[in-house]
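>>> Build me a model from this:
(one chain, ligands or ions: 1)
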Amino acid sequence: MTPTDQSKAARAICLLAPVVPVLVIDDLAHAAPLARALVAGGLPALEVTLRTPCALDAIRAMADIEGGVVGAGTLLTPADVKAAKAAGAKFGVSPGATDRLIAACEDEGLALLPGGASASEIMVLLERGYSVQKFFPAEQAGGAAYLKSIGSPIPQVSFCPTGGISLKIAPDYLGLKNILCVGGSWVAPKDAMARGDWAAIETLAREAAALPRAAI
Ligand code: 3PG
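You can find the predicted model right below:
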């Protein structure tokens with residue numbers, strides 16, 4: 001997969017909905033009902049973070065949910081990329097980017113949303129052909145004001161910011177032309193998952209899916 005194809009695929013995934021749920025799944029039994037609730041609420045692109053022992057099995061369990069597009073987050077190594085692809089992930093997300101990670105995604109044909117934060121990181125990724133990037137940790141790294149400023153000299157790059165974003169502040173990001181979508185865990189709160197309150201999660205997804213975007 002060439003960087004151009006990577007960016008095309010990443011853009012298409014980011015355009016599916018204004019919010020990509022960032023999911024930390026501790027209990028494999030939660031995976032399928034959680035995915036169904038989020039998709040029913042209007043959020044088809046789902047990022048399962050590779051931070052829990054059952055994350056890869058969760059991706060496997062979610063890969064068949066109708067209407068869902070399941071990806072793997074927290075990709076740090078080529079081994080993560082291989083495992084995510086084998087589990088059925090349709091895209092990958094990384095907090096940053098390394099040569100080895102990018103090469104592994106290109107070799108495996110896994111659409112990648114690489115992380116860029118400083119102007120130089122963003123420019124290096126752009127030079128490689130990656131015009132759609134994750135921006136992490138969004139709030140701590142400068143928030144919407146930072147991305148607005150970056151958009152002046154580097155308007156060719158679009159972002160999916162994640163980290164510290166809530167329903168309340170998501171509009172600050174989504175009101176910018178260089179933001180395709182935001183990522184966040186607020187649509188899948190741990191307590192609602194523990195209670196199996198999938199209706200509550202569907203409601204949160206519905207609210208998130210209704211957020212307007214300036215980029216489209
Ligand atoms: C993450 O990788 O943890 C994401 O950026 C989600 O951050 P959040 O939990 O602050 O939404």
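>>> alpha carbons only for contacts and neighbour counts from here, please
OK.
>>> quick one, what contacts the residue lying closest to Pro3 once chain neighbours are set aside?
With sequence-adjacent residues excluded and distances taken as C-alpha to C-alpha, 6 or more residues apart in numbering, Pro3 is closest to Gly129, at 5.0 Å. Gly129 makes contact with Pro3, Thr4, Ser7 under the criterion C-alpha atoms under 8 Å, 6 or more residues apart in numbering.
>>> What strand or helix carries the last one?
When elements are assigned from DSSP states H and E, Ser7 belongs to helix 3-14.
>>> Give me the buried positions along that helix.
Buried residues in helix 3-14, counting neighbours by 16 or more other C-alpha atoms under 10 Å, are found at Pro3, Asp5, Gln6, Ser7, Lys8, Ala9, Ala10, Arg11, Ile13, Cys14.
>>> can you check stretch 195-203 too?
In stretch 195-203, counting by 16+ other C-alpha under 10 Å, buried: Asp197, Trp198, Ala200, Ile201, Glu202, Thr203.
>>> Close to the ligand: what parts of the chain are there?
By the rule C-alpha under 6 Å from any ligand atom, the part of the chain lying against the ligand is Val22, Pro137, Thr162, Gly163, Gly164, Ile165, Gly184, Ser185, Trp186.
>>> Would you convert the residues you listed into CSV that also reports neighbour count and pLDDT?
Formatted as CSV, the residues of the chain next to the ligand follow (neighbours: other C-alpha atoms under 10 Å; pLDDT from 0 to 100):
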residue, neighbour count, pLDDT
Val22, 23, 98
Pro137, 17, 98
Thr162, 26, 98
Gly163, 19, 98
Gly164, 17, 98
Ile165, 21, 98
Gly184, 21, 98
Ser185, 19, 98
Trp186, 18, 98
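>>> ranges for the helices of the protein?
3-14, 28-40, 55-62, 78-87, 99-108, 119-127, 143-150, 170-174, 190-195, 198-209 (DSSP state H).
>>> can you tell me how far the residue of the chain positioned farthest from its centre sits from the ligand?
The outermost residue of the chain relative to its centre, with distances by C-alpha atoms, centre = their mean, is Arg195 at 24.9 Å. Distance, Arg195 to the ligand, using C-alpha to the nearest ligand atom, to the nearest Å: 19 Å.
>>> Next: Ala209.
15 Å.
>>> Quick check: chain neighbours aside, which residue is closest to that residue?
Using C-alpha to C-alpha, 6+ apart, the closest residue to Ala209 is Gly42 (5.5 Å).
>>> ok, now how distant is the one you found from the ligand?
In terms of C-alpha to the nearest ligand atom, Gly42 sits 18 Å off from the ligand.
>>> roughly how far apart are that residue and Val69?
According to C-alpha to C-alpha, to the nearest Å, Gly42 stands 12 Å off from Val69.
>>> What of Ala89?
For Ala89, the distance to Val69 (C-alpha to C-alpha) stands at 8 Å.
>>> Identify the contacts common to the two.
Ala63.
>>> of these two, who's got more company?
Neighbours per residue, other C-alpha atoms under 10 Å: of Ala89 and Val69, the larger number sits with Ala89, 26 against 22.
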